[in-house]
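Trainee: mind folding the following:
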Amino acid sequence: MRNAIKKRKIMVEGKTNLKNKTCLVMDFGLFTELAVALLRTFGKVYYFVPWQDDFPSSKKQKIGMDFDGLTRIQDFWDYMDKVDLIVSFDTYNGDLCDYLRKKGYRVFGAGKAESMELERWNMRRMQYDAGLPTQATLKIKSLDDLVTYFRGIRREVKQLLGNESNEAVEATYKRIRTKYDGFSEGYYVGGDKVKLAGEWLNGAQKKFVKANMRGDIESFYVPDYDNALSKFNHLAEQFGHRADTNEIEFVIEEEKEGVEPGFDGIQINGEYLSPTSYGYERKGQGYIGRVCDYEDLPEPMKFLNRGLSRIFKQYVPTMSFFSNEFLIGQDRKPYLIDPTVRNPAPVGSAIYCELIENLGEIIWYGSQGIKVAPVMRYKYAAGVCFDSEWAENHELEVEFPPEMRRWFKLRKAYKKNNKYYSIPGFTSIGSVIALGNSIDEVVNLVKQRAEKVKAYELQTETGGLEKVKEEIIEGRKFGISF
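Mentor: Below is the predicted model:
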């Protein structure tokens, strides 16, 4: 495999001297380090983060400034005709990517395929229509209805009227059922409608709640109404008069038991590059990944990817990093949790900076639909993120040994007088990573390196990597070799 990869790399590099090319990365501040990684390939990399607002601050203008060779620019449109390639590593640029492609610009970005991540209900419908295993999923159109679903109509009626009026219960259920078109596939997929009726009447339990706008809410778990009441009250206060309107769409998914592995790779027009990687992540606690040829991926992962490939092909041209976390248990069926049609963050994107040696070539040729095999010389990767609550409201200096720079990746950061700073407004400031040829090697390296990073009120949790190792062992029971 390795010789074939090297041969392919030499062949494509012979076509174009990319050191004579310039690249423009449009970002929101999360993937500054990937822009730096492109400097290994391109002669110059411009970096743009939008900062315009009704009352703009200089904070966002700093991101990427004097940052290890990047050329920070403040006006995107002034430079788009001066570069050879435009890159988007994130979502929310899909319409711009497609517009620029139509105008003849060379662009690497997901384009409208980003809707697979951003429009959660539509994605679940496409998953169901593609014949993939689909967990019971319900779309709810207002916060008031969401509260009713978990509280239960019977309890709600009793609280309002002081008694369980069957007539009022039936009238309320009929109104809900009519509003949601009899719980047709426009609102409910993958589940039992009889069970759903019982949930509306008596109150739902053990569900995950998601919304399209992550800035509104992050996904959260509801064991039952009483245990989530504080959360519902908070949302009511947050949304105000919008709570009883159809402006906010919620997606509710059933809880399923099992482990949660994920594919981490690159897709070019719905086709996946090889070699690739996959792994396990515990949010906020750590990630461990394994590199392999695409054909050597666990079969449930390839099965899921085949279905998602058909969906990607509806959006051609599209090219992006792509991750798909899924849940698999005793039935060995992969249930998609969330597709990520961008670089996975924070640890995944940090690892890609060092794991993929020919990242620039992949992006240059991939922008034209040409697949180039990634060069990855290690079998395993691991990492943990580091956070500081102080960074929410204050600029933060981050220190680490200069000779270990490549193992510390920052987000929303800039550099001044050879010191690194994160801008205020974001507590997740970076990641510590390691590459190696065994699980124990990369885990131990991360633990050692995590002790070297310093910042005020810094929190770096490495103990979660041991829990990830336990999940790797558990996953083998369900057909996820590692």
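Trainee: rest of the way, CA atoms for contacts and neighbours
Mentor: Noted.
Trainee: now the strands for the stretch 351-482 of the chain?
Mentor: Along the stretch 351-482 of the chain, the segments classed as strands by DSSP state E, counting those that start in this stretch run 380-388, 396-398, 408-410, 413-416, 419-422, 428-436, 458-460.
Trainee: I'd like the ones you listed as CSV, with mean neighbour count appended.
Mentor: Shown next, in CSV, are the strands of the stretch 351-482 of the chain (neighbours: other Cα atoms under 10 Å):
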stretch, mean neighbour count
strand 380-388, 27
strand 396-398, 19
strand 408-410, 25
strand 413-416, 20
strand 419-422, 20
strand 428-436, 26
strand 458-460, 19
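Trainee: residue nearest the centroid of the chain?
Mentor: residue 340 (4.2 Å; Cα atoms, centre = their mean).
Trainee: so which of the strands of the stretch 351-482 of the chain is nearest residue 70?
Mentor: In terms of Cα to Cα, the element of the strands of the stretch 351-482 of the chain nearest to residue 70 is strand 413-416, at 10.1 Å.
Trainee: give me the sheet partners of that closest one and which way each runs.
Mentor: In the sheet, strand 413-416 lines up against strand 419-422 (antiparallel) (DSSP bridges).
Trainee: per-residue pLDDT, the closest residue in space to residue 354 that isn't next to it in sequence?
Mentor: Leaving aside its chain neighbours, residue 354 sits nearest to residue 406 (7.4 Å; criterion: Cα to Cα, 6 or more residues apart in numbering). Residue 406 is assigned 97 on the pLDDT scale.
Trainee: burial count for residue 406?
Mentor: Residue 406 has 16 neighbouring residues, counting by other Cα atoms under 10 Å.
Trainee: ok, the residue nearest to the centre of the chain - contacts?
Mentor: Neighbour list for residue 340: 116-117, 322-324 [criterion: Cα atoms under 8 Å, 6 or more residues apart in numbering].
Trainee: just the ones of those in strands?
Mentor: Of the contacts of residue 340, the ones assigned to strands by DSSP state E are 322-324.
Trainee: from residue 262, how far out is residue 476?
Mentor: Relative to residue 262, residue 476 is positioned 14 Å away (Cα to Cα, to the nearest Å).
Trainee: neighbour-wise, which of the two wins?
Mentor: Neighbours were counted for residue 476 and for residue 262 using other Cα under 10 Å; residue 262 has more, 22 against 13.
Trainee: tell me the contacts of that one?
Mentor: Residue 262 touches 278-280, 301, 323-326, counting by Cα under 8 Å, 6+ apart.
Trainee: from those, which is closest to residue 367?
Mentor: Among the contacts of residue 262, residue 323 lies closest to residue 367 (Cα to Cα), at 18.8 Å.
Trainee: secondary structure element for the residue nearest to that closest one when sequence neighbours are not counted, which one?
Mentor: Of all residues not flanking residue 323 in the chain, residue 264 sits nearest, at 4.5 Å (Cα to Cα, 6+ apart). Using DSSP states H and E, residue 264 sits within strand 261-268.
Trainee: tell me which strands the helix or strand following that strand pairs with, and in which orientation.
Mentor: Next helix or strand after strand 261-268 toward the C-terminus (DSSP H and E): strand 271-272. Paired strands of strand 271-272, with direction, are strand 261-268 (antiparallel) (DSSP bridges).
Trainee: ok, residue 170 to residue 478 distance?
Mentor: Taken as Cα to Cα, the span from residue 170 to residue 478 is 43 Å.
Trainee: show me the beta-bridge partners of the residue nearest to residue 323.
Mentor: In this entry, residue 264 is beta-bridged to residue 277, residue 323, by DSSP bridges.
Trainee: hang on, it packs against residue 274?
Mentor: No. Residue 264 is beyond contact range of residue 274, at 11.2 Å (criterion: Cα atoms under 8 Å).
Trainee: so what's residue 381 closest to, chain neighbours aside?
Mentor: residue 435 (4.5 Å).
Trainee: report pLDDT for the one you found.
Mentor: pLDDT for residue 435: 98.
Trainee: could you report the pLDDT at residue 430?
Mentor: Listed pLDDT for residue 430 reads 96.
Trainee: list the contacts of the nearest residue to it once chain neighbours are set aside.
Mentor: Leaving aside its sequence neighbours, residue 430 sits nearest to residue 410 (Cα to Cα, 6+ apart; 4.1 Å). Contacts were defined as Cα under 8 Å, 6+ apart; by that measure residue 410 touches 32-33, 422, 429-431.
Trainee: can we see that at 10 Å?
Mentor: 29-33, 346, 350, 385-386, 398, 420-422, 428-432 (Cα atoms under 10 Å, 6 or more residues apart in numbering).
Trainee: with residue 448 instead?
Mentor: 432, 434, 442, 462.
Trainee: still on that earlier bit, quickly note the distance from the residue nearest to residue 354 to residue 43.
Mentor: Note on residue 406: its distance to residue 43, by Cα to Cα, is 20 Å.
Trainee: ok, the closest residue to residue 202 other than its chain neighbours - how many residues close by?
Mentor: Once flanking residues are discounted, residue 202 sits nearest to residue 152: 4.4 Å by Cα to Cα, 6+ apart. Counted with other Cα under 10 Å, residues neighbouring residue 152 total 21.
Trainee: which residues touch the residue nearest to residue 68 when sequence neighbours are not counted?
Mentor: Closest residue in space to residue 68, ignoring its immediate chain neighbours: residue 36 at 6.8 Å, by Cα to Cα, 6+ apart. Residues near residue 36 by Cα under 10 Å, 6+ apart: 25, 44-47, 64, 67-71, 353.
Trainee: assess the claim that residue 404 and residue 450 are in contact.
Mentor: No. Using Cα atoms under 10 Å, residue 404 makes no contact with residue 450, being 11.1 Å away.
Trainee: please say which of these two ends up with more neighbours.
Mentor: Remark: of residue 404 and residue 450, residue 450 carries more neighbours, 24 against 11, as counted by other Cα under 10 Å.
Trainee: ok, that one touching residue 433?
Mentor: Yes. Counting by Cα under 10 Å, residue 450 sits close enough to residue 433 to count as a contact (8.7 Å).
Trainee: need the overlap of contacts for the two.
Mentor: Common contacts of residue 450 and residue 433 (Cα under 10 Å, 6+ apart): 383-385, 407-408.
Trainee: of those, which is the nearest to residue 19?
Mentor: For the shared contacts of residue 450 and residue 433, the nearest to residue 19 is residue 407 (24.6 Å; Cα to Cα).
Trainee: who are the contact partners of the closest one?
Mentor: Applying Cα under 10 Å, 6+ apart to residue 407 gives the contacts 350-351, 353-354, 383, 400, 431-435, 445-446, 449-450.
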